[in-house]
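Peer 1: have a look at this prediction, sequence included:
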Amino acid sequence: MEKFEKLTGIAAPLDLVNIDTDMIIPKQFLKTIKREGLGVNLFDEMRYDQDGNENPDFVLNKPAYRETQILVAGDNFGCGSSREHAPWAIKDFGIRCVIAPSFADIFFNNCFKNGILPIPLPQEQVDILMKDAEKGANARMTVDLENQTITTSDGVEIAFEVDPFRKHCLLEGLDDIGLTLNKATAIDGFESRMAQDRPWV
Amino acid sequence: MTGKTLYDKLWDAHLVDQAEDGTCLLYIDRHLVHEVTSPQAFEGLRMTGRTVRAPEKTIAVPDHNVPTTEGRETKIDNEESRIQVEALDKNARDFGVVYYPVSDVRQGIVHIVGPEQGWTLPGMTVVCGDSHTATHGAFGALAHGIGTSEVEHVLATQTLIQKKSKNMKVEITGTLPPGVTAKDITLAVIGKTGTAGGTGYVIEYCGEAIRALSMEGRMTVCNMAIEGGARAGLIAPDETTFAYVKGRPHAPKGAQWEAALTWWKTLKSDDDAHWDKVVTIRAEDIAPVVTWGTSPEDVLPITGTVPAPEDFQGGKAEAARRSLDYMGLKPGTALTEIKVDAVFIGSCTNGRIEDLRAAAEILKGKTLAPGVRGMVVPGSGLVRAQAEEEGLDKVFTEAGFEWRLAGCSMCLGMNPDQLAPGERCAATSNRNFEGRMGRGGRTHLMSPVMAAAAAVTGHLTDVRDLLAEAV
């Protein structure tokens, strides 16, 4: 997994609540058997019209936001389907950090598996970052995972919380499966106990 | 010492390892797999030279993008869909997992096949790369959706890295009025708590009205726990559960059944358990509901009117404006005046035999309103066979519905079953998101009887009016 340490880049404002994973990546793009190449279809139905032309009003189509690396969004981001195609599309577009008042559970988990940092913050703080993001390409935000801070273009610093284990995995770019396989003895032990206690499973 | 909730007990029973920072490794008893969220996971195993740790606990079935028309065993027209189904076929055979291909009568939506075959049992942990895995919570199993990276993790290790959620109790007291169903309960709960109201929680549904539900109804309730943002939904197992499970192909038999039953009977929340949040709703206060917008929380009793954006606060006002525009609805319109173009009966929420029986009861001797197209997609090949044995297929086809083969179908429109732009559908599925059933398609979620009522009249309808006529 790609490491996440410190990121300075353009933040795009997407001030909508309940952005679901169907919006992030519609179903017709779930037919791939690969993880790559989904960035071009990120937010497809908002980003393009029926004929595939860009909708000039959509934030990521505006010249200032074409190189967006940070997304600031509304409450309950990533709700709905468990499709990991959503974080794959976000990452493939070049976005490595999403900031919102809250995230849906499965999407939140999926981000960490893909080197994306989702940051939940109180609404008032998201509002500050949303305003900053609205300034366009001149406003570069910095997200520092080690120190758990976000710095706006004006130098306003906002602290955030992150689970220590997930932080460690992101900073080091660790593979979960490798870590768990180190615990094979514990899994073996559990399975032998279960063979006794719950043999029907 | 305070008692434990059912969730606490299930968690403890599957804990393999706990790190100092509280991160836990949880054992997974059943892993359900479908064609859309698994190809990258199997590919990951191949690339790292890893194997499937417990192929006998891994059950694969294609459901999301299989066509629901005849001839699909030999030919799937859409090339990408065909490649995905073929990939599942190859992965299932290469890694030796349990597999129900489209040619098998037991094929169907993964969340219907699992319980039907007795793979899902009380007290288990069940995961699947699909958010509606919450369905299996109806058995008192801890069941939730996961992403593809986690699918790969479970394939390789039969465990998941987890942090414990908080406990929420949703109690439905009293008795449901006529015409009000499990779907109305689950939508009413989301209407009350919001789509993020359950975030960070596992919900246990309890109370007299839940106890009175059949297993099919309980699955409908738990299925949509995810729509309320919860990690999982649970219902404690009881005699209804045991009667459903007994005799299923993969349910325990003989002495093992007795041993299992003894343990299953302990699977309930203690009276003095701690709840982080409690929601109580009187069953008598629940009316048949429909959704008006593009979020499952946009729920109203069928007797209501389309709301205005100004009725909401904060970001929801803008979301409501966007929803109304997308849905082509004007504030103040009576919900019963909304005309429909299509009716979809099926999905992991309402594609079980009882759902088809309930819809057929309303449709018997009636026909689709002029200009309305209708589609019934049974949740599995066995549900379809059972329905045909009972003559339900005749009721549907005589009413003018298409009678399809099993799959997810129009619920997410990955196969050819889709809405056209602007087309409005009364659907028994679970999501009314923009574009969910087809780009520009407009979805109103409701129960099978409500969808049947809309089919007959051509507009959203209070099914209780039809029931009254019948008396």
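Peer 2: Yes, it's here. This structure is a prediction, so every number in the text was calculated from the model and none was measured. Numbers count the residues shown, from 1 in each chain, chains lettered A, B, ... in the order given.

Peer 1: enumerate every residue touching the closest residue to chain A within the stretch 151-300 of chain B.
Peer 2: Closest residue of the stretch 151-300 of chain B to chain A, C-beta to the nearest C-beta: residue B:252 (3.5 Å). Every C-beta, even on glycine, is put in place using the N, C-alpha and C of the backbone. Residue B:252 makes contact with A:200, B:121, B:259-260, according to C-beta atoms under 8 Å, 6 or more residues apart in numbering or on different chains.

Peer 1: apply 7 Å and report the result again.
Peer 2: A:200, B:260 (C-beta atoms under 7 Å, 6 or more residues apart in numbering or on different chains).

Peer 1: ok, now residue B:154?
Peer 2: B:28, B:31, B:127, B:160.

Peer 1: so which residues on the stretch 101-250 of chain B come close to chain A?
Peer 2: By C-beta under 7 Å from any C-beta of the partner chain, the residues of the stretch 101-250 of chain B that approach chain A are B:124, B:129-131, B:145-150, B:152-153, B:156-159, B:161, B:195-196, B:199, B:229, B:231.

Peer 1: break down the stretch 1-150 of chain B into its helices, ranges please.
Peer 2: B:6-12, B:39-48, B:79-95, B:110-116, B:148-157 (DSSP state H, counting those that start in this stretch).

Peer 1: count the neighbours of the spatially closest residue to residue B:364 that is not a sequence neighbour for me.
Peer 2: Distances taken as C-beta to C-beta, 6 or more residues apart in numbering or on different chains place residue B:395 nearest to residue B:364, at 5.4 Å, with adjacent residues excluded. Counted with other C-beta atoms under 10 Å in any protein chain shown, residues neighbouring residue B:395 total 24.

Peer 1: specify the strand with the largest residue count in chain B.
Peer 2: Taking DSSP state E as the assignment, the strand of chain B that covers the most residues is strand B:166-173.

Peer 1: that should have said chain A, apologies.
Peer 2: strand A:6-14.

Peer 1: what does the next helix or strand after it rub up against?
Peer 2: Sequence-wise, the next helix or strand downstream of strand A:6-14 (DSSP states H and E) is helix A:21-24. Helix A:21-24 has contacts (C-beta under 7 Å, 6+ apart) with A:42-43, A:45-46, A:78, A:80-81, A:83, A:86, A:89-90, A:107, B:433-436.

Peer 1: next up, the contacts around residue B:408.
Peer 2: Contacts of residue B:408 by C-beta under 7 Å, 6+ apart are B:63-64, B:109, B:347, B:414.

Peer 1: please report how far it lies from residue B:465.
Peer 2: From residue B:408 across to residue B:465, the span is 31 Å (C-beta to C-beta, to the nearest Å).

Peer 1: touching, residue B:85 and residue B:62? I think so.
Peer 2: Yes. Using C-beta atoms under 7 Å, residue B:85 is in contact with residue B:62, at 4.8 Å.

Peer 1: of these two, who's got more company?
Peer 2: Shown here are residue B:85 and residue B:62; by other C-beta under 10 Å, residue B:62 has more neighbours (30 against 24).

Peer 1: ok, now which ones touch that one?
Peer 2: Neighbours of residue B:62 in contact, by C-beta under 7 Å, 6+ apart: B:34-35, B:85, B:88, B:102.

Peer 1: what residues are bridge-paired with the closest residue to residue B:291 other than its chain neighbours?
Peer 2: Spatial nearest neighbour of residue B:291, excluding adjacent residues (C-beta to C-beta, 6+ apart): residue B:445 at 4.4 Å. Beta-bridge pairing of residue B:445 under DSSP bridges involves residue B:427.
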